[in-house]
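Novice: Quick one, structure for this:
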Amino acid sequence: DVEMLFLAGLQRVEYVFVYPETNDIVLAGPAEGWVVREGDVVGTDSGAAVLRLDDLLDALQSARAAAEGDGITCSIDPTERGMQRLQRMLKSRNLTWNEATIRAMEQQLGDQDITLTGIRPASHFAHVMVTADYIMKRLAMDLEPSPVDGLPSYMDMLQQGSGRHARMTSPRWWLAPQYEQVSSSEDGLAWRLSGPGVQALSEHGYLDARGEVVRVGKPSPLAKKWADNFTQQFTAVSRKMPVFSQLLGCLDLAVVAALIAKEDLRGQADCPLSLLTDGGKLRGEDFPTPKRVASQASLARTRKGLVVSVSGGVDLDSW
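Specialist: So this is what the prediction gives:
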């Protein structure tokens with residue numbers, strides 16, 4: 001029923017309680033009634049997204065995969081061939097920096113690949129990761145208007161700065177979990193998740209002569225400043241763009257699934273949860289998650305024309 005589909009209005013998971021005497025595992029946190037606004041199911045008063053049974057199922061069913069390989073990740077990246085075509089274009093001495101050039105750059109780059117690991121690609125969980133990553137990049141590149149005051153785009157920050165910048169840079173931003181700690185009672189039957197849950201991170205890169213993006217690892221001060229600001233503004237942004245609070249809920253559920261698996265809470269509660277954990281028995285609805293997306297570029301006018309190509313994603317290290 002509807003109450004089950006939307007987990008009784010739960011918006012965050014702050015506690016996990018194990019009750020061996022009744023064979024229950026209980027997820028607890030803030031909750032409220034919900035409404036549908038522009039296609040999003042959100043809290044009546046707060047506007048925060050409501051957690052979904054779909055996402056809980058996929059978190060539980062991917063818990064083991066999240067501990068292996070790359071874990072649960074989403075990344076949107078230009079192809080090697082597209083970057084090489086772009087590099088050849090940038091070598092032209094007759095290049096004039098204007099909007100027509102930007103559109104031509106997008107055409108040379110072509111579609112960017114969307115890569116997902118550790119999660120069912122057609123799941124709502126994956127759909128949220130890709131959407132949140134895509135919108136974050138559009139906010140950074142000034143392709144999407146900021147929904148809140150105090151969050152200028154990275155491109156605006158470049159134009160306002162006075163430092164020298166490379167002609168072609170590629171800062172990478174991605175979203176990752178940020179929990180202060182996961183603590184437990186002495187008997188291991190009560191657990192608490194503390195902290196904001198999500199943060200934006202950054203590293204710097206540039207386009208070399210072969211058309212490849214070289215990752216420096218250390219972020220540029222300006223790209224880090226934008227990431228830190230996005231982290232600080234995350235709650236306010238998520239109220240205006242519920243996909244970000246949906247992502248936060250997915251992070252909570254992934255960490256809870258890792259906790260249940262790692263600490264064998266099912267065994268402690270004598271609660272197998274096979275209906276929820278066996279993907280062959282029950283799984284969430286399929287969602288149209290894209291496999292590629294058209295490239296978009298922005299031009300910031302500083303001391304030099306500066307074109308920024310953005311890649312990155314979501315790195316959900318739940319374990």
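
Novice: How much space separates the residue lying closest to Ser123 once chain neighbours are set aside from Thr289?
Specialist: With C-beta to C-beta, 6 or more residues apart in numbering as the criterion, Ser123 has its nearest non-adjacent residue at 4.5 Å, and that residue is Asp58. To be clear about C-beta, it is placed using only N, CA and C from the backbone, and glycine gets the same treatment. For Asp58, the distance to Thr289 equals 12 Å [C-beta to C-beta, to the nearest Å].

Novice: Can you give me the neighbour number for the residue nearest to Ser123?
Specialist: By the measure other C-beta atoms under 10 Å, the count of residues near Asp58 is 26.

Novice: and the helix or strand hosting it, what other elements does it pack with?
Specialist: Element membership of Asp58, judged by DSSP states H and E, is helix 53-61. Contact analysis of helix 53-61 by 3 or more C-beta pairs under 8 Å, 6 or more residues apart in numbering; DSSP states H and E lists helix 2-5, helix 124-140, helix 242-262, helix 274-277 as its packing neighbours.

Novice: can you put these in TSV and add mean pLDDT, mean neighbour count and distance to Arg12?
Specialist: Below are those laid out as TSV (pLDDT from 0 to 100; neighbours: other C-beta atoms under 10 Å; distance: least, C-beta to C-beta, whole Å):
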stretch	mean pLDDT	mean neighbour count	distance to Arg12
helix 2-5	94	10	18
helix 124-140	92	23	15
helix 242-262	95	25	6
helix 274-277	90	14	20
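
Novice: With distance to Lys218 as added columns, please give those in JSON lines.
Specialist: Shown next, in JSON lines, are the helices and strands packed on helix 53-61 (distance: least, C-beta to C-beta, whole Å):
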{"stretch": "helix 2-5", "distance to Lys218": "44"}
{"stretch": "helix 124-140", "distance to Lys218": "18"}
{"stretch": "helix 242-262", "distance to Lys218": "25"}
{"stretch": "helix 274-277", "distance to Lys218": "40"}
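
Novice: can you list the weak-confidence ranges in the stretch 151-300 of the chain?
Specialist: Residues of the stretch 151-300 of the chain that meet the criterion pLDDT under 70 lie in 161-170, 204-217, 219, 299-300.

Novice: Mind pulling the model confidence for the residue nearest to Cys271 when sequence neighbours are not counted?
Specialist: Nearest residue to Cys271, sequence neighbours excluded (C-beta to C-beta, 6+ apart): Asn23, at 4.7 Å. For Asn23, the pLDDT comes out at 96.

Novice: Any figure for the gap between Asn23 and Gln268?
Specialist: 10 Å.

Novice: go on, Arg81?
Specialist: Taken as C-beta to C-beta, the span from Arg81 to Gln268 is 52 Å.

Novice: now swap in Val256 and tell me
Specialist: 15 Å.

Novice: Which secondary structure elements does the strand or helix carrying Phe230 sit against?
Specialist: Assigned by DSSP H and E, Phe230 belongs to helix 221-232. Packing partners of helix 221-232 (3+ C-beta pairs under 8 Å, 6+ apart): helix 124-140, helix 154-160, strand 172-178, strand 197-203.
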